[in-house]
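Peer 1: Give me a 3D structure for the following:
(2 chains)
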Amino acid sequence: MKKEMVFTLNNEEVIVEVDPKWTLLYLLREVLELTGTKEGCGVGECGACTVIVDGEAVNSCLYPVLEAEGKKVVTIEGVASSDGTLHPLQQAFIDNNGVQCGYCTSGMIMSAKALLDKKADPTEEDIRTSIAGNICRCTGYVQIVESVQQAAERMKK
Amino acid sequence: MENLLYIGKDIPRTAEIDKVTGRAVYIDEYKRPGMLYGKILYSQYAHARIKSINTEKAKRLPGVRAVITGYDIPDVRVGFLGDQAVLKRDVVRQFRDEVAAVAATSPEIAQEALKLIEVEYEPLPAIFDPIEAMKPDAPLVHESDARGRPLRSNILPLPWKFSAGDVEKARQESAHIVTDSVTTTWINQCCMGTSGCVAEFDSNNNLTYCGQTNVIFGAKQRIATYLKNIGLKGKKIRVFNPVVGGSFGTKLDTDIYEFICIQLALKTRKPVKIRFTREEEFAVLPPRQAARFTVEQGCDKNGLLTFRKVEAILDNGAYTSWGATTPSVMMLPISSMYRVPNVSFQATCVYTNNIYSQAMRGYGNPQAAFAVETSMDHLAEKAGIDPAEFRLINRNHPGDVTPMGLKITTCPLEQCITTVKEKIKWDEKRGKRNGRGVGMASLIHVAGGARVYLSDGTGIRIKVNEDGEVDVLSGSTDQGQGSPTVIAQIIAEATGFRPEDVNIVFGDTALGLWDAGTHASRHTFVAGNAAVRAGEMVKRQILEMAVQYIPKLLKRSLKQQKKKNPDFVEPVLDYTMVDSPEKLDLKNRMIFPKDAPDHPYFRTEVGKILTSGLHVGVGESKAVVAEVFWDPPTEMLNAEMKGNYSCTYAFGTAGVEVEVDRQTGEVKILKLVSAHDVGRAINPALVRGQIYGAAYMGVGFGLTERVQLVDGKVVNANFRDYKILTANDVVPVEAVIIEDPDAAGPYGAKGIGEPGLVPTAPAIANAIYDAVGVWIKDLPITPEKVLAALKAKGD
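Peer 2: Model prediction:
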């Protein structure tokens, strides 16, 4: 039985018919075609599907779709400015080789954004903790951490 | 080297901006109208006879468009030794055997349909230990070979036998000898983007295939052979890549799911996508080849290596993919790491009912380097020599020809070792045996291509448009290593344009010239060499055009100025400064006389020359285009497994400081220094990225990672139970780039994709020995193994 749901997605109000059995990831990827959010494992272990719901980074592959009702959801597609200017995190990932294959990148950026939105001056430990649920096989995390650090610096200015 | 504008610079990966905005199209996002989704039913047994398969219920499920078994498709063998069918119809020989496949309108329906397929099995005796499998009375995994000839043994007929010098004589003359047994296990490559493909036939039965292969022409050839064998001879095939979410070896062979996808597309006449779940990626995808080694080495009283003898047994699993060819790369460290005059190596591949293996970063090098480099420390101790000193005494030198016939060109191994010694504070920290210890290991790897096929070449085509954009078609592939940036830097440098002017299309057989594949750390070296050559040709064409158009445009402009302003005094110009291409140069889009780069009149933006010079008129217009196919001057291995199969070789050293908890057996890495000979770093930030990522993978190989098989079944097919490092597992890693430009490389560069992984695990094992005095030579080095070893030692 489908149900109508209203929520805010990347700063726009969305009304959509959902099946309560869906995950938020399914709604985003398969119905709304926001495919920047990835499914790396489907069971909440890799973080590739991370989105921000009401300020918190969540694994959208585990998140029951109806839980998002009335909430503010931000995906990687909603991170850059509406004129296309990259968010400092996105720019820093490009500038510091924080991206290799790119499959984990959306989730990484969302986890880091949830952190920076709350804490403008994070320690390296804060950063590592914020992305501890996001698995990356390419980078060894070094340049990802550097990217987040640089973004934090740039955002302070 | 002359002033370089873009080589050696940390040019950002702006070409891959879609990866940070979520717009990049991976196989997950690649869709075609009417596309169906395929799913595969795997075996329930490690070894069994299939008595019956009933697909009727599955076929009746709404949304199901096709259900196929081995009886619905031609019985055609695939794989390196042709030892398996695409769908198995009589016997299954491993848990991952593909028994049936479904195409449906959604992945969920396809999955549901799998549950409705009824398969009746009659279990057969299975064998999981390669040593047992070699015994004469062992159950046979295959009763016959690809040609139907009966088999009497599980041992594969592969030629891995190498000998140089006289090992027996050298053994007798050695002052010190050690023998060790070393085991490495299955490692899953863990690409974050799981495997997948989309196959689509047109009405002429020509195939368009979107796949993740890093060997697009090899894949095309394998698919063409398969199509021919199922009765579709001469059909056109286009293979192309989406954005690829990591490779690390997984995309070297054409996997069975790819042939199944093609069969489903053929059957349904629709585009079909197969995309693995993470569980499938762990349970089905061929992992790194597991190996057991017996390694014996000796040295004389001065510590000079006298001989090295290695015997390897490889668990081949039930079928044969590239895992069985990893000995060709195991030979690198075994024959050529350090100067060792007498070498023998033999590898035996044995069929079992386990999962079969293929390539992973480093191929066979990490396994063999673990054997050789832990043995080096053992031998150094026996000889009473510091292990770092022992390595320095025996190090390779430029100009050496190794027992395998490798011709060493540049070789800053001494610098790698001394740098690591210094950075890890070796002399201060070594030999304390107080729970903390330091260890090191080195590597040699191909870094100038690897002639494993008749051609190790690559083609590139560069055209410069009238708007001053540089379009490039490369036959190579990118799987995340950063080629769109690095090859653009090389082309910008060679042509005189800027990296941002360069637009490269990789990974499409319809567009690119042939390429041997992005493997063996060969891409930057081989594609880079082709790019330099083609870039210089393009530049020459533009400079020839400039000889004609600089004076022409200048004279016209002066004439106009004179017309506008009668007082204008025309400058007296020496037009011989620009009367031949040799006198001109092009850099950063500006053409100028070499003798007067800032010449106020002759210095001209390249776009002006192109606009005027390309579209001239009937019969006169031109195109600026160059095409190069470059095949490095190397040799294939001969029947004795000897030959200089790469243009140059990379060296490197990893140093590790560990702390071992004697209560828990846990090993903490306090510092990891990875110093690598890269020839020249085209883009140092990207080089460090390769080293960091590979070093982390090496830590996983050393400490945490293993595909666990219980009676042939993968029991840890998820990221909870298969432990790869997270950002919280802090490994303080320092990547040190050692530059010693190699004449054969593009601007001196060597390949660096794989090396970072190779020496990490043995360096850790050697550091653990230094810390607590126990050798763990069975990877991964888990806390349980450390505790057991400490207990056995009496600690």
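
Peer 1: how about stretch B:272-282 against chain A, any contact?
Peer 2: Yes - residues of stretch B:272-282 contacting chain A under Cβ under 8 Å from any Cβ of the partner chain: B:277, B:278. Yep, even glycine has a C-beta here, placed from its N, CA and C like the rest.

Peer 1: how long is that stretch end to end?
Peer 2: This stretch, stretch B:272-282, spans 22 Å end to end (Cα to Cα, to the nearest Å).

Peer 1: mind checking how far it is from the chain centre?
Peer 2: A distance of 21 Å separates the centroid of the chain from that of stretch B:272-282, by Cα atoms, centre = their mean, to the nearest Å.

Peer 1: Check stretch B:249-266 too.
Peer 2: That offset, for stretch B:249-266, works out to 19 Å (Cα atoms, centre = their mean).

Peer 1: Now whichever residue of chain A sits closest to chain B: closest residue in space, sequence neighbours ignored.
Peer 2: Nearest residue of chain A to chain B (Cβ to the nearest Cβ) works out as residue A:36 at 1.7 Å. Nearest non-adjacent residue to residue A:36, counting by Cβ to Cβ, 6 or more residues apart in numbering or on different chains: residue B:22, 1.7 Å away.

Peer 1: I'd say that neighbour and residue A:34 touch.
Peer 2: Yes - using Cβ atoms under 8 Å, residue B:22 is in contact with residue A:34, at 7.3 Å.

Peer 1: which one of these two has more residues nearby?
Peer 2: residue B:22 (24 against 20; other Cβ atoms under 10 Å in any protein chain shown).

Peer 1: Identify the contacts common to residue B:22 and residue A:34.
Peer 2: Taking Cβ atoms under 8 Å, 6 or more residues apart in numbering or on different chains as the criterion, residue B:22 and residue A:34 both touch A:75, A:77.

Peer 1: Where does the residue nearest the centre of chain A fall, secondary structure wise?
Peer 2: Nearest to the mean C-alpha position of chain A, by Cα atoms, centre = their mean, lies residue A:110 at 2.8 Å. Using DSSP states H and E, residue A:110 falls within helix A:105-118.

Peer 1: quick one: that helix near chain B?
Peer 2: Yes - Helix A:105-118 lies within reach of chain B by Cβ under 8 Å from any Cβ, at A:105, A:106, A:109.

Peer 1: Break the chain into its domains for me.
Peer 2: Assuming you mean chain A. Following automatic domain parsing, chain A resolves into domains at A:3-78, A:88-156.

Peer 1: Not quite, go with chain B.
Peer 2: Segmentation of chain B into domains, based on automatic domain parsing, reads B:26-125+B:195-275, B:291-395+B:405-452+B:636-793, B:457-630.

Peer 1: Tell me the buried residues in stretch B:655-666?
Peer 2: Residues of stretch B:655-666 classed as buried: B:655, B:656, B:657, B:658, B:659, B:660, B:665 (neighbour count, 16 or more other Cβ atoms under 10 Å in any protein chain shown).

Peer 1: how much space between residue B:436 and residue B:795?
Peer 2: 15 Å (Cβ to Cβ, to the nearest Å).

Peer 1: repeat for residue B:645
Peer 2: To residue B:795, residue B:645 is 45 Å away according to Cβ to Cβ.

Peer 1: These two - which one has more neighbours?
Peer 2: residue B:645 (26 against 11).

Peer 1: ok, then the element right after the longest helix seen in chain B?
Peer 2: Looking across chain B with DSSP state H, the single longest helix is helix B:523-564. Note on helix B:523-564: by DSSP H and E, the next helix or strand toward the C-terminus is strand B:584-587.

Peer 1: quick one: the helices in the stretch 201-350 of chain B?
Peer 2: B:216-229, B:256-268, B:278-283, B:327-336 (DSSP state H, counting those that start in this stretch).

Peer 1: Ok, which of those helices comes nearest residue B:739?
Peer 2: helix B:327-336 (22.0 Å; Cβ to Cβ).

Peer 1: tell me the angle the helix or strand hosting residue B:372 makes with helix B:327-336.
Peer 2: For residue B:372, the enclosing helix or strand under DSSP H and E is helix B:365-383. Angle between the axes of helix B:365-383 and helix B:327-336 is 20 degrees (criterion: axes from the mean of the first three to the mean of the last three Cα atoms, to 10 degrees).

Peer 1: average pLDDT for helix B:365-383?
Peer 2: Regarding helix B:365-383, the rounded mean pLDDT is 98.

Peer 1: Are there helices or strands packed against it, and which ones?
Peer 2: strand B:176-184, strand B:291-299, strand B:305-317, helix B:327-336, helix B:387-393, strand B:436-446, helix B:760-772 (3 or more Cβ pairs under 8 Å, 6 or more residues apart in numbering or on different chains; DSSP states H and E).

Peer 1: What lies in contact with the fifth one?
Peer 2: Translated: helix B:387-393. B:299, B:302-304, B:338, B:376-377, B:379-381, B:383, B:385, B:414, B:417-418, B:420-421, B:426, B:430, B:439-440, B:442, B:653, B:766.

Peer 1: other SSEs contacting the very next helix or strand once past it?
Peer 2: Towards the C-terminus, the helix or strand next in line after helix B:387-393, according to DSSP H and E, is helix B:413-423. The contact analysis (3+ Cβ pairs under 8 Å, 6+ apart) places helix B:413-423 against helix B:387-393, strand B:436-446, strand B:649-660, strand B:667-679, strand B:733-739.

Peer 1: okay if I get those as CSV plus mean pLDDT?
Peer 2: Output for the helices and strands packed on helix B:413-423, formatted as CSV (pLDDT from 0 to 100):
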stretch, mean pLDDT
helix B:387-393, 98
strand B:436-446, 98
strand B:649-660, 98
strand B:667-679, 98
strand B:733-739, 98
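
Peer 1: Among these, which comes closest to residue B:746?
Peer 2: Among those, if distance is taken as Cβ to Cβ, the winner is strand B:667-679, at 8.9 Å.

Peer 1: Any idea how many residues pack against the nearest residue to residue A:155 once chain neighbours are set aside?
Peer 2: Once flanking residues are discounted, residue A:155 sits nearest to residue A:88: 5.1 Å by Cβ to Cβ, 6+ apart. Residues near residue A:88, counting by other Cβ under 10 Å, number 22.

Peer 1: is it true that residue A:88 touches residue A:151?
Peer 2: Yes - using Cβ under 8 Å, residue A:88 is in contact with residue A:151, at 4.3 Å.

Peer 1: ok, and what's touching stretch B:52-72?
Peer 2: By Cβ under 8 Å, 6+ apart, the surrounding residues in contact with stretch B:52-72 are B:36, B:85-90, B:99-106, B:109-110, B:112-114, B:116-120, B:260, B:263-264, B:267-268, B:270.

Peer 1: returning to that earlier point: for the longest helix of chain B, name the packing helices and strands.
Peer 2: Helix B:523-564 packs on strand B:458-464, strand B:470-474, helix B:483-495, strand B:584-587, strand B:590-593, strand B:604-605, helix B:606-614, strand B:624-630, going by 3+ Cβ pairs under 8 Å, 6+ apart.

Peer 1: What are the buried residues along the longest one?
Peer 2: Of the residues in helix B:483-495, those scored as buried under the neighbour-count criterion (16+ other Cβ under 10 Å) are B:483-495.

Peer 1: The helix or strand just after that helix pairs with which strands, and in what direction?
Peer 2: As assigned by DSSP H and E, the chain's next helix or strand after helix B:483-495 is strand B:502-505. Take DSSP bridges as the rule and strand B:502-505 pairs in its sheet with strand B:470-474 (parallel).

Peer 1: and the spatially closest residue to residue A:89 that is not a sequence neighbour, what helix or strand is that in?
Peer 2: Excluding the flanking residues, the one nearest residue A:89 by Cβ to Cβ, 6+ apart is residue A:151, at 4.3 Å. In this structure, residue A:151 sits in helix A:142-156 according to DSSP H and E.
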